[in-house]
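> With the input below, show me the fold.
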Amino acid sequence: MSEVLINDTTLRDGEQAAGIAFNLEEKVAIAAILDSIGVHELEVGIPAMGEEEQRAISLISGLGLQAQLLGWNRAVISDIQASIACGLKRVHISIPVSQIQITAKFQGEWQVILQKLKDSISFAVDQGLFVSVGGEDSTRAEENFLQDVAHSAQEWGASRFRFCDTVGILDPFTTHAKVQQLVMGLSIPVEMHTHNDFGLATANALAGIKAGALSVNTTVNGLGERAGNAALEEVVMALKCIHGIDLGIDTSGLLEVSRLVAAASGANVPPWKAIVGENTFAHESGIHAHGVLQNPSTYEPFAPEEVGWERRLVVGKHSGRALLSSILQQYGIILNKEQTQSVLEAVRKESVEKKRSLTTQELLQLAQAQGHLQTHL
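Predicted structure coming up:
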């Protein structure tokens, strides 16, 4: 694989999720922290939305970030003028390319769409802008028409073409075939834009990269419309650990980024969420905890420190004697086999009653209640 570019769209497609609205300070903070960990490009919003959005984008433009900044636009010259007014040097121009989208939005008049695209690309190029063109609903577009649109965009001066799985209907095998065909026919880079309606956004993004795409859209925590987008943390860590591609991003900051976006969006991260979920490096099961105590790589694909986490060993219904003994020994409590089993049975009973794992203090209190501690804790 060649060098891959991350174009994070948390501030555009992420914020388009139902019920999500970042204020100005949050948008600036998210842009700054993404830049600080080394994300290459940020899609910072839609300037044509109005004054408040333009103010936030202008503030971000004035921060002097290392990341390239991109504004999202329709194929309308006034949209591009709004992007320019915000200080942006890069624009993305989106047009529908599937029959269902063209019929719904332009009454089936594809010639009108292509003319609008040509005019808007020409205007943007004349203004010295970098132009990315996106084929909305590329996955349901007729193959030859998609190729024609992409080739025309390239001919008119676009510097990149975005392949959009707008409703998340592809699997990785189909994605690879479609993207490979597109990549082979173009001299400009192809960018992946995947949605998670079937839980395949990250897999499809990786399949597209494997097929030759050189850029990929992500959002922090997979935030986005409907079921969300390909998650920044998942794509970056999969490329790093599975494919051996280090993007130059400081992955130890991914947890901090995740928490900031979770707070700003009011959307809690599920405990089992890949990479940044609270349970990602938490071990309770007896077999797993025993393995991790011997060698963490038995049940961890990478070290928790790589993404800003610390390993957690917790006691609960599924815990075994090895973990229980290990935790108690940290507090100077050495039990024999029978005593350990007695405390373990009490732990399992209380965990079921409380419907969760136990805190260290609760564990120590149980050990005391079982008569194995002589001092008050």
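
> beta partners of the residue nearest the centre of the chain?
Central residue of the chain (C-alpha atoms, centre = their mean): residue 231, 1.6 Å from the mean position. Using DSSP bridges, the bridge partners assigned to residue 231 are residue 219.

> so who does it touch?
By C-beta atoms under 8 Å, 6 or more residues apart in numbering, the residues touching residue 231 are 201, 202, 218, 219, 220, 221, 222, 274, 275. Placement of C-beta: from N, CA and C, glycine included.

> quick one: pLDDT of it?
Residue 231 carries a pLDDT score of 98 in this model.

> Quick check: it vs residue 195, distance?
12 Å (C-beta to C-beta, to the nearest Å).

> my read: residue 283 touches residue 289, true?
Yes. Using C-beta atoms under 8 Å, residue 283 is in contact with residue 289, at 4.5 Å.

> What count of nearby residues applies to residue 327?
Look at residue 327: counted by other C-beta atoms under 10 Å, it has 19 neighbours.

> and the closest residue to residue 86 other than its chain neighbours, helix, strand or coil?
Using C-beta to C-beta, 6 or more residues apart in numbering and skipping the chain neighbours, the partner closest in space to residue 86 is residue 57 (4.2 Å). Taken by DSSP: H, G, I helix; E, B strand; the rest coil, the conformation at residue 57 corresponds to helix.

> List the residues that contact residue 57.
By C-beta under 8 Å, 6+ apart, the neighbours of residue 57 are 44, 45, 47, 69, 71, 86, 87, 88.

> out of those residues, which are buried?
Among the contacts of residue 57, those classed as buried by 16 or more other C-beta atoms under 10 Å are 44, 45, 47, 69, 71, 86, 87, 88.

> residues touching the last one, list them.
Spelled out, it's residue 88. By C-beta under 8 Å, 6+ apart, the contact set of residue 88 is 44, 47, 57, 61, 69, 70, 71, 129.

> would you list those residues in CSV and tack on secondary structure?
Output for the contacts of residue 88, formatted as CSV (three-state DSSP):
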residue, secondary structure
44, strand
47, helix
57, helix
61, helix
69, strand
70, strand
71, strand
129, coil
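
> List just the nearest of the residues you listed to residue 364.
residue 44 (49.8 Å; C-beta to C-beta).

> Look up how far residue 106 lies from the closest one.
Using C-beta to C-beta, residue 44 is found at 27 Å from residue 106.

> hmm, back to that, redo the contacts of residue 57 as JSON lines? Include pLDDT.
Output for the contacts of residue 57, formatted as JSON lines (pLDDT from 0 to 100):
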{"residue": "44", "pLDDT": "98"}
{"residue": "45", "pLDDT": "97"}
{"residue": "47", "pLDDT": "98"}
{"residue": "69", "pLDDT": "98"}
{"residue": "71", "pLDDT": "98"}
{"residue": "86", "pLDDT": "98"}
{"residue": "87", "pLDDT": "97"}
{"residue": "88", "pLDDT": "98"}
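
> Pick out the most distant pair among these.
The two members of the contacts of residue 57 with the most space between them (C-beta to C-beta) are 45 and 87, at 12.5 Å.

> Now tabulate the contacts of residue 57 in a markdown table and tack on distance to residue 149.
Below are these laid out as a markdown table (distance: C-beta to C-beta, whole Å):
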| residue | distance to residue 149 |
| --- | --- |
| 44 | 25 |
| 45 | 25 |
| 47 | 24 |
| 69 | 25 |
| 71 | 21 |
| 86 | 27 |
| 87 | 29 |
| 88 | 23 |
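
> and which of the residues you listed is nearest to residue 161?
Distances from residue 161 to the contacts of residue 57, taken by C-beta to C-beta, are shortest for residue 71, at 17.3 Å.

> So what pairs up with that closest one in the strands?
Residue 71 forms beta bridges with residue 45, residue 91, as assigned by DSSP bridges.
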